[in-house]
Every structure is written in structure tokens, then in C-alpha cells.
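Novice: Quick one, what's the 3D model for this:
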Amino acid sequence: MSGHGVAQPMTARAAGPLRGVAEVPGDKSISHRALIFGAMAVGETKITGLLEGQDVLDTATAMRAFGAEVLQHGPGAWSVHGVGVGGFAEPADVIDCGNSGTGVRLIMGCMATTAMTATFTGDASLRKRPMGRVTDPLSLFGAQAFGRKGGRLPMTVVGAAHPVPVRYALPVASAQVKSAVLLAGLNAPGQTVVIEREPTRDHSERMLLGFGAALTVEKTAEGSVITLTGQPELRPQVVAVPRDPSSAAFPVCAALIVPGSDIMVPGVSQNLTRNGLYLTLVEMGAEIEFLNPREEGGEPVADLRVRFSGNMKGIEVPPERAPSMIDEYPVLSVVASFATGRTVMRGVKELRVKESDRIDAMARGLEACGVTVEEDEDTLIVHGMGAGAVPGGATCAVHLDHRIAMSFLVCGMAAVRPVTVDDASPILTSFPVFEGLMRTLGADLRRVEP
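Specialist: Below you'll find the model as predicted:
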């Protein structure tokens, strides 16, 4: 599969139970940050367990373009010789971030307070995504951004020659925006403050502290107040990347809906800002055991044992849970189709500005598979049909979105008739071993000649 090449249709059909151990790759969010923070430290950062999907590889290429030395030493084993806060060199060419919204937004943040100019682009999906939510707060530091209509890529960012610290209240619950502002604040004098009304994933705060930044988080009536003291010298670290809970969601959800399944998924991050899907599945009646809880690389992890759960019930997912599971709603909507009763997902409008409009993509694909769906701007409601009752038999459009592709392939593993996705190639961006891993567990995945 190629994330930038010819479309690769793929079909999933019901087979025997899924059995075995699912060794999912490293966490994508932490992998991006390990490379970026390593590039901003002075000295050599060593990384193990790095996700080697295309999104993260594009971030590695970008860090090289800004002057860091980024080397691969073996599967998942990388090192970054950083140039220090404010030490980035001006890139000689356009920075292509491929499909990665995390990559482009965080990189914009870390160069926005250095006197340089950089131009960013991406694939067709990324060029549709709004960048104003990042460039607006970066302009408060003194940076300037010039992009296409609607604040879209390609975009040129001119870093602030004389940055000033900012105090910024996040208008949307977005870890990407929060992280971009904090990264910009690293090279601004004084204290940069971010106010977060709703909690989002906290990997940046954890990693900033690990690399030696002066950062505090205070809970107040207006939300979490994150205060960063600028112009530190970041210390290189040894980073062990835990396994990605968003990638683990696909074998976990497949095992829950394929009869007779019983799998282990070791070492999955249990960060409280990322575990909303797993809380939701347990509330629906999923048989998931969280074994051997421990800490790895500064993150809580556990081994998951997952068994077929044929009696799951639809629930109302609390809207305040959305930030901790925003990437998992597509595959949750598939599980909801195999539960009984309605599963109501509110507060999910952020899904409309992801790699695709994920509410629309899932609604249209599930309807094509015979499932009744309701939606509005901020809500997705799935009327569950019960275990083994989803008809399937559709070809679903993925809109260059890796999570849409994997979600419908999971659907096909348990539906009455096979489900085809029109392009499985975007899966490479986040889960390059998905196809082989799922086949090893017993899934029937077949590439289709386009």
C-alpha cells in the first residue's frame, strides 16, 4: 500500500475467530513529539518503539530540513541530534507533511518564534484542513502566515524576529493547537500561558517536563492553566514510545464483533487523556481485561485481553469524553452497529475537520452496509442491529482517511457480506503493519485490482 500512489481497493470478509497476539505499533502522537522535541534539545535523543508510518517519517524528514540530524538504527530505533531551542535553520525547500495534521501544526509552532521563513504543504486531504486554528494564536507571538483561501495549505509562515509571550485560551479542545502554542512559547521570553477548558491529550506537557522545560499545570475554575517559561535549554532524553491506543482500537474492536475471538494486545497506552474508547466499550458490555498495569516511557500502559462480546448494548457516550477518543469514533460507530439499541455520540463536530468529514464518511458507509444512522453537525447516532446482523455488501469511500479505511475493513470482518474500501493505501500513514497483523490474527483481507 502506498499513501501517495495509486488507489488500492481492499475487501474484508467474515472468516474464523481472531486469535493470537496483536503487536500494534508505537503511538503516533508521541512519535511525532519525540522527533520534534529531540530536534529542539541540545545533544542526542534516543528513541525506541517509534512508529514508522508515513506521517511520522514525514516529520523526521522535516526535522532534517530544519537542521537536526535524524538517524534510523533499526526497526523503531532512532536518534535525533538536536540543534536547541531557537536553533532551527531555514529549510531550503517546501516542507511536505503528507497526511499529517499533527505534524504540520506542531512544526509550525516550533518554528514560529524563530526569524525564518518556511513553506508547508501536504497531500490532497491535508490541503483541505483548516490551519487558522493554529496560525491565529501563532500570530500573537509575532509570526505571519500566508496561505490559500480559508487558511489552507500550501502556506508560508514567517517566524517572529522578536517574539513575545502570549496568554491564550483554547477556543476548541485541540491538543494540536495547545502543543503548537507551547512549542512556540519555548523560544519566546517570559511565560506563555495556555488555558484549556476541556482536557485533551497531555503528551506535550509530559514530554516538555521530561526534556527539562519549566512547566506547571494548575486546575482552576476556568480550566487547566498551563504555564511555560520560555528559552530553556532542553536536555536530550531516552524515549520509549508506548503502543498506540488509537491503532490498538482496530484489532480490539474487530475481536469484539467477530464470533469466537480471543486476542491479546500488549503494552497499550492507558493515558487518561486517550482512553475514552476503552471506557465506552466496557460500558457497552465489551469483554476487555486490563492486565499488568505499569509505566513505560513516562506513560501508563497495560496488556489488553479482548474476547468476542455478542451482547453489547448501545449507550449515550458522554460528550465531555470526546477529546479523549476523538480519533476512535469511526471504529466505535462500527462496533455500535453490531450492538443492540442506539449508540448516541454527541459533541463530535471536530470529526468534520479531520482527514475527512468523518461523520459524513461513516454515516454514508454504514448506510450502504444496511445500518440506520442519524447525524447533525455535532452528533452521530447509530442504530445497532445486533451481533452478526449487519448486512455489509458495500464499497465504502474512505476520502484519503486511514481511520475510515480501517474502520470499514473491521466492519467487513463481521458483516454478513464482504465490505470493500475504495482505497486502503492511506492506512500506511498511521498503521503500516495493519494488513499483515490482522491477517496473522485470522482476518480475511484481500487486495482488489483497481
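
Novice: For this structure, list the residue farthest from the centre, please.
Specialist: residue 162 (32.7 Å; C-alpha atoms, centre = their mean).

Novice: Residue 266 against residue 306, yeah?
Specialist: No - the criterion here is C-beta atoms under 8 Å, and residue 266 misses it with residue 306 at 11.6 Å. Every residue, glycine included, has its C-beta placed from N, CA and C.

Novice: what about these two, which has more around it?
Specialist: The residue with more neighbours, out of residue 266 and residue 306, is residue 306; 25 against 17, by other C-beta atoms under 10 Å.

Novice: Surely that one and residue 261 touch.
Specialist: Yes - contact criterion C-beta under 8 Å: residue 306 and residue 261 qualify, at 7.3 Å.

Novice: Now the common contact residues for these two.
Specialist: Taking C-beta atoms under 8 Å, 6 or more residues apart in numbering as the contact rule, residue 306 and residue 261 both touch residue 255.

Novice: All the helices of this structure, residue numbers only.
Specialist: 28-40, 54-65, 101-111, 132-141, 175-186, 203-210, 245-257, 276-284, 329-338, 358-368, 402-412, 434-441 (DSSP state H).

Novice: Adding mean pLDDT, write those helices out as a markdown table.
Specialist: Listed next are the helices of the chain as a markdown table, based on pLDDT from 0 to 100:
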| stretch | mean pLDDT |
| --- | --- |
| helix 28-40 | 97 |
| helix 54-65 | 97 |
| helix 101-111 | 97 |
| helix 132-141 | 97 |
| helix 175-186 | 97 |
| helix 203-210 | 94 |
| helix 245-257 | 97 |
| helix 276-284 | 98 |
| helix 329-338 | 98 |
| helix 358-368 | 97 |
| helix 402-412 | 98 |
| helix 434-441 | 98 |
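
Novice: residues near the residue nearest to residue 267 when sequence neighbours are not counted, how many?
Specialist: If the residues on either side of it in the chain are set aside, residue 267 comes closest to residue 243, at 4.7 Å by C-beta to C-beta, 6 or more residues apart in numbering. Residue 243 is flanked by 24 other residues according to other C-beta under 10 Å.

Novice: Any idea what residue 229 is bridged to?
Specialist: Legend: beta-bridge partners of residue 229 under DSSP bridges are residue 191, residue 214.

Novice: doesn't residue 381 make contact with residue 344?
Specialist: Yes - using C-beta under 8 Å, residue 344 is in contact with residue 381, at 5.1 Å.

Novice: Of those two, which one has the most company?
Specialist: Ranked by neighbour count (other C-beta under 10 Å), residue 344 and residue 381 place residue 381 first, with 19 against 16.

Novice: got the contact list for that one?
Specialist: By C-beta under 8 Å, 6+ apart, the contact set of residue 381 is 342-345, 373-375.

Novice: what's the domain layout of this structure?
Specialist: Following automatic domain parsing, the chain resolves into domains at 10-26+242-447, 28-234.

Novice: measure the last one end to end?
Specialist: The straight-line separation of the ends of domain 28-234 (C-alpha to C-alpha, to the nearest Å) is 22 Å.

Novice: how about residue 365, what does it touch?
Specialist: 394, 396-397, 404, 408, 411.

Novice: So which of those residues is the closest to residue 273?
Specialist: Using C-beta to C-beta, residue 404 comes nearest to residue 273 of these, at 23.2 Å.

Novice: The closest one - how many residues pack around it?
Specialist: 27.

Novice: State the distance from it to residue 449.
Specialist: 21 Å (C-beta to C-beta, to the nearest Å).

Novice: Residue 24 now?
Specialist: From residue 24 over to residue 449 the distance is 29 Å, taken as C-beta to C-beta.

Novice: Same drill for these two, tell me which one is more crowded.
Specialist: residue 24 (25 against 5).

Novice: I figured that one was touching residue 247, is that so?
Specialist: Yes - assessed by C-beta under 8 Å, residue 24 is found in contact with residue 247 at 4.6 Å.

Novice: and for those two, which residues touch both?
Specialist: residue 431.

Novice: Extract the residue ranges of this protein that are flagged as low pLDDT.
Specialist: 1-5, 297, 450 (pLDDT under 70).

Novice: repeat that with 80
Specialist: The chain contains residues with pLDDT under 80 at 1-5, 296-298, 450.

Novice: State the distance from residue 150 to residue 130.
Specialist: From residue 150 to residue 130 the distance is 7 Å (C-beta to C-beta).

Novice: who has more neighbours, those two?
Specialist: residue 130 (14 against 10).

Novice: so the more buried one makes contact with residue 151?
Specialist: Yes - in this structure residue 130 lies within contact range of residue 151 using C-beta under 8 Å: 5.6 Å.
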